[in-house]
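> A predicted structure for the sequence below; I have some questions about it.
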Amino acid sequence: MSRAALLCAAGLAAALVYPLLVPNYLVNIGMLVFFTAFIGQSWNIAGGFAGQTSFGHVVFFGTGAYTSTILQVTYGWNPWLAWPAATAMGGFVGWMIAVLSFRAGLRGSYFALITLAFAEVFRILANSVPFTKGGLGMLIKADQRPINFQFKDPIWIYYLALLLCLVSVVIAWHLTRSRFGARLVAIRENEDAARALGIDVFAEKVKVLTLSGAMCAAGGTFYAQKYLYIDPSIAFGVDKSVEMLLVSMVGGAGTIFGPLIGSFTLMGINEATRWLASVVPALKNVQPLSLIVYGIMLILIVARLPNGLMGLFRRGPARA
Amino acid sequence: MLDPAFLLAGVLNGLLAGGIYVLVAVGLTLIYGVLHIINFAHGSLLMLAMYAVFWLWRLVGIDPYAALPLVIAGSFAFGFVLYRLLIGRYNHGRDENILLITLGLSIVFDNAALLFFGGNTQTIDVPYAGTFVELGAAFLPLPKIISFVASLILCAALALYMALSDTGKAIRAVAKERQGARLVGIDVETVFAVSYGIGIACLGAAACLLMPTYYVTPSSGHAFVLVAFTIVVLGGMGSFVGAAVGGLVIGVTESLGGLFLGEQLGQIGISLIFILILLLKPTGLFGSKA
Amino acid sequence: MLEVRDISKAFGGLKAVDHASLDVKQGEIVGLIGPNGAGKTTLFATIAGFHRPDAGTVAFDGKAITGLAPHRICAAGMVRTFQITQPFAGISVRENIMVGAYFRTADRHLAAREAETVAAMVGMDDQLDRRGADLTVAGRKRLELARALATGPRLLLLDEVMAGLNPTEIVEIVGVIKDIRAAGVTILLIEHVMQAVTSLAERVYVLNQGRMIAEGTPAAIAENPQVVEAYLGPGAAKVLRA
């Protein structure tokens, strides 16, 4: 235990020092690693711990991004105040989808597909209703002052991403040690047995999706503030859903550090393919190449390594 | 108010599109009915088949309709091998696993297409594309009518094959009672692979019928996957009749949605139907069990 | 303690349970037997809140619990196990039992200690760190028992805890069940095998084709011609007596 704690402390120290030593380009990559780990963790809490696989988690991400951006751009809110509001809105959407889906008894693949459809509905709405400015997307006026949740020096947005990631890890850690977390795992492993043991399965699933939705929405606001622009296909497109699912699955669904490891790995693949593309001119399209690798990894992980890359390191309960 | 003739044209166009959706959905529902797996790669496999049709035309000059037998056979072989090498090995345990594996496949296929074929929209200019048939007040493109009829004929042929041939009987036996089928000596794993192959062959056929009037891009699969699932869920997972009715209903919904709500918002109907069916009647219109 | 009155439950057109009634008094071990497909498990699931009955009532400690959700019934003090064991496969035996123990406490250390106590009671204290998926049939049956026990029930519904066990294992689990009763837990158990019940239960109910056909001491039940026929087919009783 103390060895693990030492490792965590060393990792955190390295993460704190890192941006002071590297050029801005690498600071930005570090920021993306922690940010992706954060939204991945929001997926992991519902999909990994509680086993409620979602294909449309972006619905929360987009809800958060649009809520804070609209409050800011249209109603003149300060983004720091809009952030908790966006987080709450994400929680509300999570609650709503959970109540509807779980009341109808949807499980497994059906739940995954209905989340995808919800995300699609939100995407189309964002594309069509006036207050999101439709397909044009929304621009946040650049005014790089911390009071505006905008930073001149990328190091601050890096530290903010690190902080988010840290919070999400603490939440996941807490799940492994609390009654709530134990109940989520029980629901994932066997819903009927969980019910028989006195767990209000419906209530717990609603709780976890509310939490997960709120976290993911907080990530949405962060994203909007970093890039100062969102549109329906960024905010509600399937790519982000897949990304969240991938980092958790690849790193290790239902583990504390899975999303972080997955995020590191995927960023590593990204950079490796970028390098490969720079030396092999035939492979000038980088993006699809790394996504192909992701896809293959997802297949291999589901087929061979149910605990993801974490499974390689961790000694779980003895296996026969 | 809208001109009724305009409305009629919308309905007819929707029916024509729906006719091809039927073929796509029949493939999906067959795979579900027999293997009890949700084939999330369905849209991406359709996209691959559409590219096959495109390249056959571009490189060899084969007309999309003439390519039917070749593409159907190729799609069947592709599906059969895919099942044998990958899907069949993990077709056990939690149902989300196979969903995730087929999601992985669709990511690989979509991006491989992007890598090799580029992101451009590709179309086939068949010489008869500009021919229209006048039906009442509606002018309908001839290829759409040909495709509609061909799709329904192919579906009927498949239904007959399932009803009468030995393979079809074996497939139905496995779908109903796989343990029992195993006991009476049916090679269940082969039946699974054949069923998956037939499901993908339906996509091959649909690709041939779509290409004369439709376009293909690497993201075409994504556009079709939710449509296909909506049809199948609407009709009832595993139901042939359901897929047929669902396909036509969704075709018309899409067409009228576009007419009344506009290009953007019109797409919402499909997702809403999907959600409402799952929430209110997950067995669909013709399904027997959840 | 438990009063089941005229419970009926049909699936489609098939009447799985047809006006079945039974009573369990505090401190008893009561058996529920019947041939395969008699509706025993359906009756159990209905009592425990997994199915809503079409008709009839269930009362526990004099309070109506008909149709309540399983977690509410568990809160009242009644918990069931599954005939087809349902371990949480990916987590350890300790964590499995802790899920049950968490029903009474939110404190992790208390739950862990409770899990160890219960594990010792069912003879699993040497397997606490094994994965649920890696247990033998006998181990899974004990785990079912342990998890249910950890919720602190006053009435345990055991669904065929002895099926699939060898004679030695049966003797062991019979001992465990007796200990549990001695600790003050009332028990209603389903068994397909009659012998297993006779060594445990004071009273036995017999269910056949959804109907309760007999009730009495194990010895009386074994003599009951209706019961013999239910198990062996019509006319069997006459043959046996001859």
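Arrived safely, thanks for sending.
> The nearest residue to C:Ala119 once chain neighbours are set aside: which element?
Across the structure, with C-beta to C-beta, 6 or more residues apart in numbering or on different chains as the measure, the residue nearest C:Ala119 apart from its sequence neighbours is C:Asp125 (4.8 Å). Bear in mind the C-beta positions are built from the backbone N, C-alpha and C, glycine included. In this assignment (DSSP states H and E), C:Asp125 forms part of neither any helix nor any strand.
> try B:Val133
Counting by DSSP H and E, B:Val133 is part of strand B:132-135.
> Over stretch B:265-277, what's the mean pLDDT, rounded is fine.
Confidence for stretch B:265-277, expressed as mean pLDDT, is 89.
> wait, stretch A:92-100
Confidence for stretch A:92-100, expressed as mean pLDDT, is 97.
> Wait, a helix at C:Val58?
No: assessed with DSSP: H, G, I helix; E, B strand; the rest coil, C:Val58 is strand; it does not lie in a helix.
> Give the closest residue to it in space, chain neighbours not counted.
What sits nearest to C:Val58 in space, not counting adjacent residues and going by C-beta to C-beta, 6+ apart, is C:Thr66, at 4.8 Å.
> Surely the residue nearest to C:Ala119 and C:Ala115 touch.
No: counting by C-beta atoms under 8 Å, C:Asp125 sits too far from C:Ala115 to count as a contact (9.9 Å).
> Show me which of the two is the more surrounded one.
Under the neighbour definition other C-beta atoms under 10 Å in any protein chain shown, C:Asp125 and C:Ala115 were set side by side, and C:Ala115 has more, 27 against 15.
> Check which element follows the helix or strand hosting that one along the chain.
Applying DSSP H and E as the criterion places C:Ala115 in helix C:108-121. Using DSSP H and E, the helix or strand that directly follows helix C:108-121 along the chain is helix C:137-150.
> between that next one and helix C:108-121, how big is the angle?
Interaxial angle, helix C:137-150 versus helix C:108-121 (axes from the mean of the first three to the mean of the last three C-alpha atoms, to 10 degrees): 130 degrees.
> Is chain A within reach of helix C:137-150?
Yes: contact check for helix C:137-150 against chain A, using C-beta under 8 Å from any C-beta of the partner chain: residues in range are C:Arg147, C:Ala148.
> Pull out the buried positions in that helix.
When burial is assessed from 16 or more other C-beta atoms under 10 Å in any protein chain shown, helix C:137-150 yields the following buried residues: C:138-150.
> what do you get for stretch A:87-97?
If you call a residue buried by 16+ other C-beta under 10 Å, then stretch A:87-97 has these buried ones: A:Thr87, A:Ala88, A:Met89, A:Gly90, A:Gly91, A:Phe92, A:Val93, A:Gly94, A:Trp95, A:Ile97.
> Now tell me what touches that stretch from outside.
The contact list for stretch A:87-97, computed with C-beta atoms under 8 Å, 6 or more residues apart in numbering or on different chains, reads A:59-61, A:63-64, A:67, A:114-115, A:118, A:206, A:209-218, A:220-221.
> try it again with 6 Å
If you take C-beta atoms under 6 Å, 6 or more residues apart in numbering or on different chains as the criterion, stretch A:87-97 is touched by A:60, A:63-64, A:67, A:118, A:209-210, A:212-214, A:216-218.
> At which residues are the helices of chain A located?
Ranges of helices in chain A, per DSSP state H, are A:2-21, A:24-44, A:58-73, A:79-103, A:108-128, A:154-177, A:179-189, A:191-196, A:201-227, A:232-236, A:238-251, A:258-279, A:286-304, A:310-313.
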